[in-house]
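Student: this one's sequence-less:
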């Protein structure tokens, strides 16, 4: 069974790392590029 506390902790950690990456110079561009690369990889697989 999925533990809601563990899931919430993982989601909050992902959100915090996203905010840290956005705060860096060219952070938004890096995140968009990574998301496009992941999407492309999923389409190929």
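Tutor: Yep, that arrived. Please read all numbers here as calculations on a predicted model, not as lab measurements.

Student: where does the residue lying closest to residue 24 once chain neighbours are set aside land on pLDDT?
Tutor: Nearest residue to residue 24, sequence neighbours excluded (CB to CB, 6 or more residues apart in numbering): residue 30, at 7.5 Å. All C-beta spots, glycine's among them, are computed from the backbone N, C-alpha and C. Listed pLDDT for residue 30 reads 91.

Student: quick one: contacts of the helix or strand containing residue 30?
Tutor: According to DSSP states H and E, residue 30 maps onto helix 27-44. Helix 27-44 has contacts (CB atoms under 8 Å, 6 or more residues apart in numbering) with 18, 21, 22, 24.

Student: hmm, try it at 6 Å
Tutor: residue 21 (CB atoms under 6 Å, 6 or more residues apart in numbering).

Student: The residue nearest to residue 22 when sequence neighbours are not counted: neighbour count?
Tutor: Excluding the flanking residues, the one nearest residue 22 by CB to CB, 6+ apart is residue 28, at 6.0 Å. Counted with other CB atoms under 10 Å, the neighbours of residue 28 add up to 10.

Student: Also residue 30?
Tutor: A count of neighbours around residue 30, defined by other CB under 10 Å, yields 13.

Student: again with residue 2
Tutor: Neighbour number of residue 2 under other CB under 10 Å is 5.
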